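In: Next come a sequence and a model predicted from it.
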Amino acid sequence: MSSENIDSPPKTGFEKILEFINNELETNHPITITEIVDKTGFSWSFVKKTLKRLKKEEYSGYNFEKSGATWIIWKDREIIIKKMDDTCSRFLK
């Protein structure tokens, strides 16, 4: 993960996990929550809660689902971003 500027406020756990997904996760390569826990040091429950929050806040470019007895995540684009409200895509529904 990148180093922080001395003048910038500390990053939240949510921001750190988002940064991990964008910078460390390969496109179309599934990873388990356990692997994210091992690489970030956050608890399993915090990582799962954060991934659910990404889905709830409508971030685009990643998938998060249960496969058998484990939860997996993968991104289908280079970086995941928050869906914008004012775009043409909202008319496609």
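Out: Noted; the coordinates are in hand.
In: Based on its surroundings, how many neighbours for residue 10?
Out: Neighbour count of residue 10, defined by other CB atoms under 10 Å: 7. Quick note: C-beta positions are derived from backbone N, CA and C, even for glycine.
In: what about it, is that helix, strand or coil?
Out: Counting by DSSP: H, G, I helix; E, B strand; the rest coil, the backbone at residue 10 sits in coil.
In: Distance check, it against residue 37.
Out: 20 Å (CB to CB, to the nearest Å).
In: in the chain, which spans are helices?
Out: Listed in chain order, the helices of the chain (DSSP state H) span 13-24, 33-40, 44-56.
In: Nearest approach to residue 67 belongs to which of the ones you listed?
Out: helix 33-40 (11.0 Å; CB to CB).
In: For that closest one, which residues meet the burial criterion?
Out: 33, 36-37, 40 (16 or more other CB atoms under 10 Å).
In: Stretch 20-29 now?
Out: 20-22, 25.
In: So for this structure, which residue is the most central one in space?
Out: What sits nearest the mean C-alpha location of the chain, by CA atoms, centre = their mean, is residue 18, with 4.4 Å.
In: Touching, that residue and residue 81? I think so.
Out: No: if you go by CB atoms under 8 Å, residue 18 and residue 81 don't touch, sitting 9.7 Å apart.
In: Contacts only, for the residue nearest to the centre of the chain.
Out: 54, 80 (CB atoms under 8 Å, 6 or more residues apart in numbering).
In: please redo it, this time with the cut-off set to 10 Å
Out: Going by CB atoms under 10 Å, 6 or more residues apart in numbering, residue 18 touches 11-12, 50, 53-54, 59, 62, 79-82.
In: got it, and residue 74?
Out: Shown in contact with residue 74 (CB under 10 Å, 6+ apart): 21, 25-31, 62-65.
In: And residue 51, how far from residue 16?
Out: Distance from residue 51 to residue 16, by CB to CB: 13 Å.
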